[in-house]
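>>> this one's structure only:
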């Protein structure tokens, strides 16, 4: 298993050596997001309603893992649009005054490599951890080539 990217909303994401960059603008986009988050802080509302995600891959799949403790399975929404995976969730808690309920919404979008089979994406939620499995297309998986002796 190879860690592709650890992404935390208030820190800069680093790309490991050996990984390919999809677009020359992807780094600039995340850098601009980071600058706005640090400049706006909680005033913009972005830092307080986002959550960290882990991206890692193995030979056959790319995985996105998000810890969402206290969130009911029915309050999680996972969508793939173009090359972005969006995870949104709502956590419900008793109101501070003891009357009624308060809800807190969280959302996170992650760019996904183009070699993913979007029609075979699956998600599971167990013990507060959401895992989205993104299978790689066959033509992008590594293939072993045998060397013949002459």
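Thanks, I have it. Bear in mind the structure is a predicted one, so any value in this text is a computation, not a measurement. Residues are numbered from 1 along each chain as shown.
>>> so residue 99, which of the three states?
coil (DSSP: H, G, I helix; E, B strand; the rest coil).
>>> Repeat that for residue 143.
Residue 143 - assigned by three-state DSSP - is coil.
>>> Next one: it from residue 65, what distance?
Look at residue 143 and residue 65: by C-beta to C-beta, to the nearest Å, they are 27 Å apart. The way it works is simple: take the backbone N, C-alpha and C, and place the C-beta from them, glycine included.
>>> More neighbours: these two, which one.
residue 65 (14 against 7; other C-beta atoms under 10 Å).
>>> pLDDT score assigned to that one?
Listed pLDDT for residue 65 reads 94.
>>> That one - nearest residue in space that isn't next to it in sequence?
residue 54 (4.5 Å; C-beta to C-beta, 6 or more residues apart in numbering).
>>> With residue 79 instead?
Closest to residue 79 by C-beta to C-beta, 6+ apart is residue 86, at 4.8 Å.
>>> count of residues packed around residue 116?
20.
>>> And the strands in the chain?
2-7, 53-57, 61-67, 76-81, 84-94, 101-111, 122-126, 129-135 (DSSP state E).
>>> got any ranges where this protein has weak pLDDT?
1-27, 29, 34-49, 140-141 (pLDDT under 70).
>>> ok so, going back, the strands of the chain into TSV, with extra columns for distance to residue 149?
Below are the strands of the chain laid out as TSV (distance: least, C-beta to C-beta, whole Å):
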stretch	distance to residue 149
strand 2-7	32
strand 53-57	33
strand 61-67	35
strand 76-81	46
strand 84-94	46
strand 101-111	44
strand 122-126	43
strand 129-135	35
